[in-house]
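> With the sequence up front, the predicted model follows.
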Amino acid sequence: MMNLNDISQEEFESIEAYLNGQLSDEDVMVFENRLKNEEGFASKVEDIKTILTGLETQVMKEQLDEFHDEMPNSQEDITTNEPKVKSLHWKRIAVAAVLIIGLGSFWLFNGNSNDRLYSNYFTPDPGLPTTMSSTDNYEFYEAMVDYKQGDYNTAGQKWKVLLEAKPKSDTLNYFIGSALMANDKINEAINHLKTVTESNDGAFKNEAYYYLGLAYLKSGNTDAAISALKKTNVPKSKDLLKKLD
């Protein structure tokens, strides 16, 4: 568990906003790129998620107690209120974190299950810039636009058509694999990612090993996941390996 002294209030609030789905699309892209590339950041986000969930559980209990204490005695006492979402006070977070640690309240997150680790460490590859497109590879970049808009199924289908002519293309296999993982088609994704890792000098070999490790993790093959993750230097792989050891 991290020391709260190692994180600023601004960074904490940024992570909280991400977990609550309150960031803009542009900020989400920046945040997820940081998740993928900055060593230690994924663990920090996971710890904040643990703290917030522990707090949410306590707050819900308090609200239920207040609800039972303050139930109106007659119809005239009933007033309609707009639901309000309040950011958690920084000092309250710090105190709660200490309490959570001291009371051993991390039971909810114990076990480091494969599914939980996968959800914490998997974000789809952000894709390639589409401004580079030309008439020679228009179909590829047209699919890349779909991919970057979150239409992974359409992108994958378009790339599979191109793959028929270039079945060993590391670029096509890599992004098809990423699109399949985003659609939770893990076993099929493994086949494409393995093709990339088996290439001699593929441009996406390093990233493919990372996603292959995640795919194996999701499928329950922890040993294969560890083996793949040891072959990549993607920063997040080091954090994940520590949790799998």
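Structure's in. What do you need?

> make it CA atoms for all contacts and neighbour counts henceforth
Fine.

> Confidence-wise, which helix or strand of this structure is lowest on average?
helix 90-103 (a mean of 54; mean pLDDT, DSSP states H and E).

> Following the chain onward from it, which element is next?
Counting by DSSP states H and E, the element after helix 90-103 in chain order, helix or strand, is helix 114-121.

> Buried residues in that following helix, which are they?
Of the residues in helix 114-121, N114, L117, Y118, N120, Y121 count as buried by neighbour count, 16 or more other Cα atoms under 10 Å.

> on contacts alone, who are the packing partners of it?
helix 41-69, helix 205-219, helix 235-244 (3 or more Cα pairs under 8 Å, 6 or more residues apart in numbering; DSSP states H and E).

> before we move on, the earlier item: adding distance to S24 and pLDDT, write the buried residues of helix 114-121 out as a markdown table.
Putting the buried residues of helix 114-121 into a markdown table (distance: Cα to Cα, whole Å; pLDDT from 0 to 100) gives the following:
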| residue | distance to S24 | pLDDT |
| --- | --- | --- |
| N114 | 29 | 86 |
| L117 | 25 | 91 |
| Y118 | 24 | 93 |
| N120 | 20 | 90 |
| Y121 | 21 | 94 |
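
> what's the closest of those to E11?
N120 (17.8 Å; Cα to Cα).

> Check Y211 and give its pLDDT.
For Y211, the pLDDT comes out at 98.

> ok, it - contacts?
F122, S178, L193 (Cα atoms under 8 Å, 6 or more residues apart in numbering).

> And for the second one, the neighbour number?
A count of neighbours around S178, defined by other Cα atoms under 10 Å, yields 30.

> I figured it was touching D125, is that so?
Yes: applying Cα atoms under 8 Å as the test, S178 and D125 come out as touching, 6.5 Å apart.

> Domains in the chain, by residue range?
4-78+87-110, 130-244 (automatic domain parsing).

> Start and end of the last one, how far apart?
For domain 130-244, the first-to-last residue distance is 36 Å (Cα to Cα, to the nearest Å).

> what's the offset of it from the middle of its chain?
16 Å (Cα atoms, centre = their mean, to the nearest Å).

> picking up where we left off before, for the domains of the chain, which has the smallest mean pLDDT value?
Set side by side, the domains of the chain differ in mean pLDDT, and domain 4-78+87-110 is lowest with a mean of 68.
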